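Engineer: got a predicted structure plus its sequence, pasted below:
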Number of protein chains: 2
Amino acid sequence: MKRIAAILQSDPSMIEITVKGWVRSFRNDRFIALNDGSTIHNLQAVIEPENYDRDLLDQINVAAAVAVTGTLTESAGSGQRIELQATKIEILATADPEEVKKTILSPKKHNLETLREQAHLRVRTNTFGAVMRVRAALSFAVHKYFQEQGFYQAHTPIITGSDAEGAGEMFRISTLDPKNPPLDEEGNIDYKQDFFEKESNLTVSGQLEAETYAMGLGQVYTFGPTFRAENSNTSRHLAEFWMIEPEVAFNDLDANMDLAEGFLKSVIDYALENCADDIAFLEKRQADEDKQKPAAERSPMPLREKLEFIGKNNFKRVSYTEAIDILRNSKPNKKKKFKYPINEWGADLQSEHERYLVEKHFECPVILFDYPAKIKAFYMRLNDKDANGNETVRAMDILFPGIGEMVGGSQREERYDVLKQKMTDMEISEEELGWYLEMRKFGSVVHSGFGLGFERLVMFVTGMGNIRDVIPYPRTPGNAEF
Amino acid sequence: MKRIAAILQSDPSMIEITVKGWVRSFRNDRFIALNDGSTIHNLQAVIEPENYDRDLLDQINVAAAVAVTGTLTESAGSGQRIELQATKIEILATADPEEVKKTILSPKKHNLETLREQAHLRVRTNTFGAVMRVRAALSFAVHKYFQEQGFYQAHTPIITGSDAEGAGEMFRISTLDPKNPPLDEEGNIDYKQDFFEKESNLTVSGQLEAETYAMGLGQVYTFGPTFRAENSNTSRHLAEFWMIEPEVAFNDLDANMDLAEGFLKSVIDYALENCADDIAFLEKRQADEDKQKPAAERSPMPLREKLEFIGKNNFKRVSYTEAIDILRNSKPNKKKKFKYPINEWGADLQSEHERYLVEKHFECPVILFDYPAKIKAFYMRLNDKDANGNETVRAMDILFPGIGEMVGGSQREERYDVLKQKMTDMEISEEELGWYLEMRKFGSVVHSGFGLGFERLVMFVTGMGNIRDVIPYPRTPGNAEF
């Protein structure tokens, strides 16, 4: 059975077809707008009401499902090129209008918060249908890109016995009796009796495991769920989100930046090519939303133009040290408009600084690199000290307008002795991460990788402002419904 | 930089290239077998030892990494068509032979259990390189197949507040103080103070959420990790495994069987086409292993032939009722060779029965359908009672030789009243799964789906006998290392 997305591309034909879908509207007992989820557009089915019982017509309600048989003809009306002249209608499933009225399926504007409360129904709306099709397209584009570049997906573990990575707070998992857990002789919980015979958590990143695979397969990536047990109730954080983490043997940081930039351009181009209708719909949606906002909060470019801009322009590459100079001498810093003033080298950059660099100063995506060693993770490769005696690591962040950090990556510390020393200095348990360190004994080559929070990418491409609206069932503090 | 898989396909050329990889062997101070993970095959680099310092030659050890510059020439030796005549060698990373000797990287045969203990290194071996490349190819084939069929991937949640699905024991997740959890007035743990403000677990299946998405997007699939907190220490069970779950609106059970069969044939064909070298290696490996086994345990067909057999033959479709007749009258049943004798209709089929049907009786993959309602889940569509008064549901399992259950699926109960009654009868909490039931009020059409444990598929295609050897870092009772 052809789906509506394909049917709308067809030419008129005398061959009878049957189309199944859900009713989005029914006008004048004559015009059914039919949708099957394959496209933002509806197929107009035209019926002769006098050919059908009143009983049947009364069941053609919003959210009901019907099978319409007929032939495709040129449409006389505006708004569609082609329509289905119905010869037969079958009600596949009803929807009581009184019940529909109580839900977000009722044909009126609902705000995003109400939609979130009915997350099991919201994918049936135009906005969420579009967002979720774009999300799926981006997801496929990720696999396609890496496949074409000769990468292998590595399915790194979700449950981990390590909690030493320090990337964030973790969720503990257990099958012990939560009320009366067994205790050891010292009165601590006896995790030896737990399912995995040790304390175990949900992963915050598959990077370290992916690195071990890059040392075997050369070029790998992960694409799976990761977790943060942080009490962040913002529009950009989830407790459960999907992360993409490529890891490449023999790549230095420059090659890593090239990979990340090429990757982002490729997947965004894929969405532009394959989701034109959904992106057009979402562009209009964003424009409508912007009308309600103060000028300063509006999107600087229409959605498609913004996405095309990414493909056409090189990301600006700027060292942390240069960025600090720019920020120190910036207007908002001098006028004390930053909540965290930039006074000296070594400061951690806050969201306000990143936004200034990207949205005001450079007005394009920016790759910041060579961050102070002190504010970055233990596994990043140490640079030689600079002329001022400052110690940096080969880290990079890619900052996007409206989103902030899209990518965080680094060249990894491949030198056994240096890594061992850093683990000691930063109190990383060698007992837990001994396997990671041991990797460095055997053919430990220069290598690099990055992490990209998939939902941030979906936000950017769909123009949605809240991360909870780009994943089917968002997990946030206090929310694990459905 | 071209990778070795591509280089081995090249013709001789005077253009100098540089190849980076790890040393798999170094013979006579002259022949380096170089591997970069892109293929099971090594590139032979030929050096003139008199051109290099002894120091450098001494560093060309197994597991060390080198960059070799030179030109590709026809190989004089047997075993390869082409080789690299080196003009320059650079040691990228060393590997101390004494240290290598202590690990599975040492060039001798190691058993699979030892390899498992060094899971951070095992991907550098031929066997695991091959398995993980095949795994990655299958993973991509899954996405490609569904993409081409117009499906959308739905990222269903990993953390769930429902524990009502009854598919298996669950892992509890929490951020409460494990030793002194807060209690409510009744002395129970006060999960309102937990991160999600309710008891929460790791998902056992994304099916129910995927169904909600099929009702919006029409055709969706999940491909993500799922969990079972079951104390199963077998070669076919993991506590964490990846599952694929398509869900299709308007599909009845026959269409569901067609989808599953077409899907399996497609992804296996993809592996045959794209992993020929790895499959040839694994076929030889299996043949070698078989030599150590009693005749009854050996693979009935060579690996490639077995995989091709799948593509060429229709799966046999057999109702549960027919299967019971076959089993009841089978030799092993009559001779009391089954551990669980089959006496009457309604019996749950055990692994021994499934194997008999697939491996002895039909000798091909089998789709069993229309199982007794009593032994299947609440969400499966109820059939009308048969002539004998037996009640069945529109369930299907696909059984594969050597693997057992590869796929479990069903047409879903789309009728609100019937579903509600079944939830009551089977004590499924309406409070927890009210959203699932509510879906049935609005355009609730016939729909179907199935679940496939990805690791079972990888086992089948690679011929590996233990599920722990087809996933990078297996999670089983007592094991969450790395």
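Structural biologist: Thanks, I have it.
Engineer: switch to C-alpha atoms for all contacts and neighbour counts from now on
Structural biologist: Fine.
Engineer: how would you label A:Tyr473: helix, strand or coil?
Structural biologist: Following DSSP: H, G, I helix; E, B strand; the rest coil, the label given to A:Tyr473 is coil.
Engineer: burial check on the nearest residue to it once chain neighbours are set aside, number of neighbours?
Structural biologist: Residue nearest to A:Tyr473 in three dimensions, not counting chain neighbours: B:Pro157, with 6.1 Å by C-alpha to C-alpha, 6 or more residues apart in numbering or on different chains. Neighbourhood size, B:Pro157 [other C-alpha atoms under 10 Å in any protein chain shown]: 27.
Engineer: one more: A:Lys335?
Structural biologist: Neighbours of A:Lys335 (other C-alpha under 10 Å): 9.
Engineer: swap in A:Arg236?
Structural biologist: Around A:Arg236 there are 15 residues (other C-alpha under 10 Å).
Engineer: can you give me the helices for the stretch 151-300 of chain A?
Structural biologist: Using DSSP state H, counting those that start in this stretch, the helices of the stretch 151-300 of chain A run over A:207-217, A:253-274, A:276-291.
Engineer: show the contacting residues for the residue of the stretch 201-350 of chain A found nearest chain B.
Structural biologist: Chain B sits closest to A:Leu217 of the stretch 201-350 of chain A, with a gap of 3.7 Å, by C-alpha to the nearest C-alpha. Shown in contact with A:Leu217 (C-alpha atoms under 8 Å, 6 or more residues apart in numbering or on different chains): A:152, B:36-38, B:123-124, B:129, B:133.
Engineer: just to revisit the earlier point, among the helices of the stretch 151-300 of chain A, which comes closest to B:Leu349?
Structural biologist: helix A:207-217 (38.9 Å; C-alpha to C-alpha).
Engineer: thought A:Asp469 was touching A:Gln118?
Structural biologist: No: the pair A:Asp469 / A:Gln118 is not scored as a contact, 11.8 Å apart, by C-alpha atoms under 8 Å.
Engineer: picking that back up, Serialize the helices of the stretch 151-300 of chain A to JSON lines and add fields for mean pLDDT.
Structural biologist: What follows is the helices of the stretch 151-300 of chain A, written out as JSON lines (pLDDT from 0 to 100):
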{"stretch": "helix A:207-217", "mean pLDDT": "98"}
{"stretch": "helix A:253-274", "mean pLDDT": "98"}
{"stretch": "helix A:276-291", "mean pLDDT": "97"}
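Engineer: give me the low-pLDDT residue ranges for chain A?
Structural biologist: Applying pLDDT under 70 to chain A flags residues A:163-167.
Engineer: related to what we said a few turns ago, A:Asp469 and A:Gln118 - which one has more neighbours?
Structural biologist: A:Asp469 (24 against 18).
Engineer: residue contacts, the more buried one?
Structural biologist: Here A:Asp469 is in contact with A:112, A:116, A:128 (criterion: C-alpha under 8 Å, 6+ apart).
Engineer: of these, closest to B:Glu438?
Structural biologist: Among the contacts of A:Asp469, A:Arg116 lies closest to B:Glu438 (C-alpha to C-alpha), at 15.6 Å.
Engineer: residues touching that closest one, list them.
Structural biologist: Listed by C-alpha under 8 Å, 6+ apart, the contact partners of A:Arg116 are A:122, A:468-469.
Engineer: filter the residues you listed down to the ones in strands?
Structural biologist: Among the contacts of A:Arg116, no member falls in strands (criterion: DSSP state E).
Engineer: specify which member of those residues is nearest to A:Asn479.
Structural biologist: A:Arg468 (10.8 Å).
Engineer: which residues touch that closest one?
Structural biologist: Residues in contact with A:Arg468 (C-alpha under 8 Å, 6+ apart) are A:116, A:235, A:238, A:474.
Engineer: where along the stretch 101-250 of chain A do the strands fall?
Structural biologist: Using DSSP state E, counting those that start in this stretch, the strands found in the stretch 101-250 of chain A span residues A:152-153, A:159-160, A:172-174, A:200-202, A:219-227, A:240-249.
Engineer: return the closest of the contacts of A:Arg116 with respect to chain B.
Structural biologist: Checking the contacts of A:Arg116 against chain B with C-alpha to the nearest C-alpha, the nearest one is A:Arg122 at 8.2 Å.
Engineer: show the contacting residues for that closest one.
Structural biologist: A:Arg122 neighbours (C-alpha under 8 Å, 6+ apart): A:104-105, A:115-116, A:128.
Engineer: can we see that at 10 Å?
Structural biologist: By C-alpha atoms under 10 Å, 6 or more residues apart in numbering or on different chains, the contact set of A:Arg122 is A:103-105, A:112, A:114-116, A:128-129, A:469, A:472, B:212-213, B:216.
Engineer: what subset of the residues you listed is buried?
Structural biologist: Those of these that meet the buried threshold are A:104-105, A:115-116, A:128-129, A:469, A:472, B:212-213, B:216, by 16 or more other C-alpha atoms under 10 Å in any protein chain shown.
Engineer: how much space between A:Lys339 and A:Tyr356?
Structural biologist: 12 Å (C-alpha to C-alpha, to the nearest Å).
Engineer: and those two? Which one has more around it.
Structural biologist: Using other C-alpha under 10 Å as the criterion, A:Lys339 and A:Tyr356 rank with A:Tyr356 on top: 19 against 11.
Engineer: you'd agree A:Leu238 is up against A:Gly478?
Structural biologist: No: taking contacts as C-alpha atoms under 10 Å, A:Leu238 lies outside contact range of A:Gly478: 11.4 Å.
Engineer: joint contacts of these two?
Structural biologist: The contact lists of A:Leu238 and A:Gly478 share A:Asn231, where a contact means C-alpha under 10 Å, 6+ apart.
Engineer: for those two, indicate the residue with more neighbours.
Structural biologist: The neighbour comparison of A:Leu238 against A:Gly478 (other C-alpha under 10 Å) goes to A:Leu238, with 24 against 15.
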